[in-house]
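Student: only the shape, not the letters, is given here:
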């Protein structure tokens, strides 16, 4: 086992057993059998070590999401993604608390988790099932998903209802999903969202890059016009 891995494993073990979702670098050095200079050469500072430990812990979570094959129903995949996110947080509370509330600079795993969610919402949009632009819908879903997960692991006594997560999930999805595929006469905003997603999926060959970019800008404006 190389030096970096030995330090990471010692830190991960201390983190998993910590009541405060934290550890001292001195404790890590003692557990790994290394001196402080070796730790700082590898990770820069404690923040760098924490980010590396959290990334390592989330790698297993992300590996499963990367390997999952999309189903024919993007909405079902969206619900499954929400549930898997919450389940991971409940099973790994210290990693999760650090990733979403304990680090000044979120680790790379957070950005990848967001990208995977955005990809599912792009599929929803291309199917005419999204009311909002995928980027805005992703922000709303991720904020709510992370909020539920943090609530369950930090104050479980306030959320005894086992159906709480599903209730919030359905409330949020009702705000971003269309009840049925949109048609031009029904909702200009939803139709613009759908067309923009389909053009990103299959760029029109007869438009220049500049024209395609301008079209996406126009569609983005129309996609947030609903309700005004």
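Tutor: Great, that's in hand. Since we're looking at a predicted model, the values are computed, not measured.
Student: mind listing what's buried along the helix or strand bottoming out on mean pLDDT in the chain?
Tutor: Least confident helix or strand of the chain, by mean pLDDT, DSSP states H and E, is helix 188-201 with a mean of 81. Buried positions in helix 188-201, judged by neighbour count with 16 or more other CB atoms under 10 Å: 189, 190, 191, 192, 193, 194, 195, 196, 197, 198, 199. Bear in mind the C-beta positions are built from the backbone N, C-alpha and C, glycine included.
Student: with distance to residue 207 added, can I get these in TSV?
Tutor: Formatted as TSV, the buried residues of helix 188-201 follow (distance: CB to CB, whole Å):
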residue	distance to residue 207
189	22
190	23
191	19
192	16
193	19
194	18
195	13
196	13
197	16
198	13
199	9
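Student: ok, now how distant is residue 73 from residue 123?
Tutor: 9 Å (CB to CB, to the nearest Å).
Student: more neighbours, these two?
Tutor: Each of residue 73 and residue 123 has its neighbours counted (other CB atoms under 10 Å); residue 123 has more, 20 against 14.
Student: run the angle between the strand or helix carrying the more buried one and helix 188-201 for me.
Tutor: According to DSSP states H and E, residue 123 maps onto helix 108-126. If you take axes from the mean of the first three to the mean of the last three CA atoms, to 10 degrees, helix 108-126 sits at 110 degrees to helix 188-201.
Student: I'd like the next helix or strand past helix 108-126.
Tutor: helix 134-154.
Student: the next helix or strand after that next one packs against which elements?
Tutor: Beyond helix 134-154 in the direction of the C-terminus, DSSP H and E gives the next helix or strand as helix 164-176. For helix 164-176, the elements it packs on are helix 74-91, helix 134-154, judged by 3 or more CB pairs under 8 Å, 6 or more residues apart in numbering; DSSP states H and E.
Student: how far off centre is helix 164-176?
Tutor: Relative to its chain's centre, helix 164-176 lies at 16 Å (CA atoms, centre = their mean, to the nearest Å).
Student: state the mean pLDDT of it.
Tutor: Averaged over helix 164-176, pLDDT sits at 96.
Student: what sits up against it?
Tutor: 75, 78-79, 82-83, 86, 121, 130-132, 137, 140-141, 144-145, 148, 152, 161 (CB atoms under 8 Å, 6 or more residues apart in numbering).
Student: and for stretch 114-131?
Tutor: 62, 65-66, 70, 74-75, 77-78, 81, 133-135, 137-138, 141-142, 175-178, 180-182, 187, 189-191, 193-194, 196-198, 200-201, 226.
Student: show me which residues of it are buried.
Tutor: 114, 117-118, 120-131.
Student: toward the C-terminus, what is the element adjacent to the helix or strand containing residue 8?
Tutor: Per DSSP H and E: residue 8 is located in helix 3-17. Downstream of helix 3-17, the first helix or strand assigned by DSSP H and E is helix 25-32.
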